[in-house]
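In: output the structure for:
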Amino acid sequence: MIDTKTISKLTDEELKELESLLLDQYYESLRDDFWQFCLYWDVEFFNERPFLKDIADGMQRIVKKEIRRISISMPPRAGKSYIASLFSAWSLGNNPTESIMRNSCTHTLYKKFSYDIRAMITDPRFEKIWPDVVLSDNKTSVDGWNLSTSKNVGYFGGGVGTTIAGFGATLLAILDDPVKDVEEALSEAVLEKKWDWYTGVHSARLEEECPEIHISTR
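Out: Numbers count the residues shown, from 1 in each chain. The predicted model follows:
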């Protein structure tokens with residue numbers, strides 16, 4: 001810790017160097033701590049929902065490979081999909097050669113999430129932390145896109161029930177609200193069909209040891 005007396009003796013050039021050093025340390029802390037990244041990104045939203053810190057901590061344990069799978073069940077509008085999108089962006093920032101798969105109840109919702117994460121990666125706030133992590137010029141569709149450093153694909157997925165072929169998830173697989181509404185939730189036939197899709201399609205896209213996050217509405 002530098003005291004005020006010492007700072008007052010620094011030249012303008014030394015003050016700029018100190019400021020740069022402190023910023024670098026701050027950005028490093030955001031790369032290391034997902035919850036701090038959430039507060040950096042949207043402090044008002046996450047301060048109003050402190051319960052999301054438990055979710056953030058659990059998600060970070062996924063990336064550290066301390067656990068293989070977590071299940072999140074929360075009421076509507078609690079922020080579960082928002083924090084999952086932020087986690088996807090944060091994870092790709094730290095692992096820009098890997099791939100994430102995210103599947104949702106409809107393809108329209110999948111594309112909305114895909115667009116949101118791409119927007120996060122092109123945001124100046126993201127660039128300050130990961131200046132070298134950028135979208136590829138070659139594959140930019142919301143249906144599936146790459147970072148400039150992606151080995152195969154950076155982000156892909158679709159709606160539950162659709163075909164997902166040709167890609168494999170190496171970093172993370174997210175199943176986000178696979179059941180659309182109460183009517184689907186009460187239908188054994190619909191649930192069995194979704195389970196068959198999960199075991200036959202979703203799970204088949206996971207590379208070895210790829211962790212999973214399951215999200216549902218309580």
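
In: how close does residue 83 sit to residue 51?
Out: Relative to residue 51, residue 83 is positioned 11 Å away (C-beta to C-beta, to the nearest Å). C-betas here are computed from N, CA, C, even on glycine.

In: could you do residue 112 as well?
Out: Between residue 112 and residue 51 the distance is 24 Å, computed by C-beta to C-beta.

In: so between residue 83 and residue 51, which is more surrounded?
Out: Comparing residue 83 with residue 51 by neighbour count (other C-beta atoms under 10 Å), the higher total belongs to residue 83, at 27 against 9.

In: can you tell me which residues contact the more buried one?
Out: Contact criterion C-beta atoms under 8 Å, 6 or more residues apart in numbering gives 38, 52, 55, 56, 59 as the residues in contact with residue 83.

In: so where's the protein uncertain?
Out: Counting by pLDDT under 70, the chain contains low-confidence ranges at 1-20, 140, 165.

In: can you pull out the strands in it?
Out: With DSSP state E applied, the chain shows strands at 69-74, 100-104, 135-141, 144-147, 155-159, 172-176, 212-217, listed in chain order.

In: distance check, the residue minimising distance to the centre of the chain against residue 189.
Out: Relative to the mean C-alpha position of the chain, the nearest C-alpha, by C-alpha atoms, centre = their mean, is the one of residue 88, at 1.4 Å. Residue 88 sits 32 Å away from residue 189, taking C-beta to C-beta as the criterion.

In: and if you look at residue 152?
Out: With distances taken as C-beta to C-beta, residue 152 is found 36 Å from residue 189.

In: which one's more surrounded, those two?
Out: The neighbour count for residue 152 versus residue 189, taken as other C-beta under 10 Å, is higher for residue 152 (13 against 8).

In: need the phi and psi values for that one.
Out: Reported as degrees, to the nearest 10, the phi and psi values for residue 152 are phi -130, psi -60.

In: residues in contact with it?
Out: Counting by C-beta under 8 Å, 6+ apart, residue 152 makes contact with 99, 167, 168.

In: isn't the second one right up against residue 153?
Out: Right, residue 167. Yes. Taking C-beta atoms under 8 Å as the contact criterion, residue 167 and residue 153 are neighbours in contact, 4.9 Å apart.

In: looking at these two, which is more packed in?
Out: Neighbour tally, residue 167 and residue 153, criterion other C-beta under 10 Å: the higher count belongs to residue 153, 21 against 16.

In: surely the more buried one meets residue 164?
Out: No. Here residue 153 does not reach residue 164: they are 11.0 Å apart, not a contact under C-beta under 8 Å.

In: can you give me the helices in the protein?
Out: Per DSSP state H, the chain carries helices over the ranges 4-8, 12-32, 34-47, 52-63, 80-94, 107-121, 124-129, 182-185, 188-197.

In: minimum distance to residue 157: which of these has it?
Out: helix 107-121 (5.2 Å; C-beta to C-beta).
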